[in-house]
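Trainee: Structure for the following, please:
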Amino acid sequence: MWFDAAQERRVVEEFGLDGEVLTPTARSTLRHIRTLLAVDMAGSVPAYSKSEPVAVPDRFRDVFEGYASYLERRGLARVTQRGQLCVIRRFLASVRVSDLGALSGEDVTAHMVECSWMTAQTRAQVLYTIRAFARWAAGEGLCSPAVAAAMLVIPGHKHAALPSVYTAGEVSALVATPGEECPKRDRAMLLLAAVLGLRAGDIRALRLGEVDWRAREVRFTQAKTGRPVRLPLPDETMLAVADYLRNERPASGDDHVFLRHRAPHGHFEGASNSFHDVATRAFDRAAVDTSGKHHGMHSLRHSVATTMLADGTAYPVISGILGHSNANTTRRYMAVDIEALRRLSLEVPRG
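Mentor: The predicted model follows:
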């Protein structure tokens, strides 16, 4: 069920919920407002209400679908395809030209100005995605090759910033303070991220058949890399998942481990970032200082890696546990291994 975008905008502005950054409470209020608007239109509570995605203009629909088919033929992961198509959908909706053949560097610049609120890394990724699209379009004879050639590369590296990590004590406090609405589910999710280092996407997609209770392990294929992973289930994590399944998980024929607490109790797979609030609220309840750090599920994955590194775990073992396809991804955690860096420090000359 979609709600009317203009109607939502008026209500959102009236309640002061139109800021770029909203608190968890404000986001919850916004979600309830959207549900009420959907009820007003349909006369019943919707299964799930959300804002309508940005529509691709009719004049570019064939081009968009052609590019979507191209990405699929390349064999990219589904999550990668969705992310790139989201960028291109917004780009095509923003340009003013009536035909892609008239596209110019000025159109790209105008769109990037609209993205000025993003971080430098995100802007670089957006521009990279648009450049790849423009090169494909030029190869298909749909636009000038000069468009892609005119796009400058934004200097930067995805690993330039230090990963956000937390101490073992902070993570323990976090796990010990799950939410009130569905505490067993939240605790199990947090432990999977904080102990096994699972990505949020893999927690969303985890199926009942992928948990081997006798062998005390989980076996699944990573959504991001497509690589099969087999990890042991420590007692605390295994018991937390079992506690959720026995005492809190809604009765359902859906074989996803984690389901929505509210009817109709669907799974989370396909949702963009459903678990961010689970971690953010847990950080708040545990009074963990998150100043200058990310505080979502992925920060728990980073914390697992740095804890193992500090304990002397070999890089290949860490890469295997986290499912990294490139050892260089694991080596980035050297930058936050303070004790190891201290041993390598040079004495400051005096005089």
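Trainee: chain center to whichever strand or helix holds Trp136, what's the gap?
Mentor: Trp136 is part of helix 120-139, with elements assigned from DSSP states H and E. Offset of helix 120-139 from its chain centre (C-alpha atoms, centre = their mean, to the nearest Å): 20 Å.
Trainee: Show me what counts as buried in that helix.
Mentor: 123-127, 129-138 (16 or more other C-beta atoms under 10 Å). All C-beta atoms are positioned from the backbone trio N, CA, C, and that covers glycine.
Trainee: and the two most separated of the residues you listed?
Mentor: Greatest spacing in those, by C-beta to C-beta: Arg123 and Ala138 (22.2 Å).
Trainee: Could I get the full set of strands for the stretch 151-300 of the chain?
Mentor: 211-212, 217-221, 228-232 (DSSP state E, counting those that start in this stretch).
Trainee: Return the list of strands paired to the second one, each annotated with direction.
Mentor: It stands for strand 217-221. Using DSSP bridges, strand 217-221 pairs in its sheet with strand 211-212 (antiparallel), strand 228-232 (antiparallel).
Trainee: For those strands, which has the smallest mean pLDDT value?
Mentor: Averaged per stretch, pLDDT over the strands paired with strand 217-221 is lowest on strand 228-232, reaching a mean of 89.
Trainee: Show me the contact partners of that one.
Mentor: 196, 202, 216-222, 321, 323 (C-beta atoms under 8 Å, 6 or more residues apart in numbering).
Trainee: One more: stretch 95-103?
Mentor: The contact list for stretch 95-103, computed with C-beta under 8 Å, 6+ apart, reads 59-60, 63, 104, 107, 110-111, 134, 137, 142-144, 147.
Trainee: Out of the residues you listed, which end up buried?
Mentor: 60, 63, 107, 111, 134, 137, 142-144, 147.
Trainee: By mean pLDDT, flag the weakest helix or strand of the chain.
Mentor: Ranked by mean pLDDT, DSSP states H and E, the helix or strand of the chain with the weakest confidence is helix 338-344, at a mean of 61.
Trainee: before we move on, the earlier item: just send the contacts of strand 228-232 back as TSV, with distance to Leu300 and neighbour count too.
Mentor: Converted to TSV, these look like this (distance: C-beta to C-beta, whole Å; neighbours: other C-beta atoms under 10 Å):
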residue	distance to Leu300	neighbour count
Leu196	10	22
Asp202	13	21
Arg216	21	13
Glu217	20	15
Val218	16	23
Arg219	21	13
Phe220	18	20
Thr221	21	13
Gln222	16	19
Ile321	14	19
Gly323	15	21
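Trainee: from what I can see Asp254 touches Phe268, true?
Mentor: No - using C-beta atoms under 8 Å, Asp254 makes no contact with Phe268, being 10.6 Å away.
Trainee: shaky segments in the chain?
Mentor: For the chain, the stretches with pLDDT under 70 are 1-8, 18-25, 27, 40-53, 154-162, 270-274, 314-315, 325-346, 351.
Trainee: on that earlier part again, show me how far the following helix or strand past the helix holding Trp136 is from its chain's centre.
Mentor: The helix or strand immediately downstream of helix 120-139 is helix 145-149, counting by DSSP H and E. Distance of helix 145-149 from its chain centroid, counting by C-alpha atoms, centre = their mean, is 31 Å.
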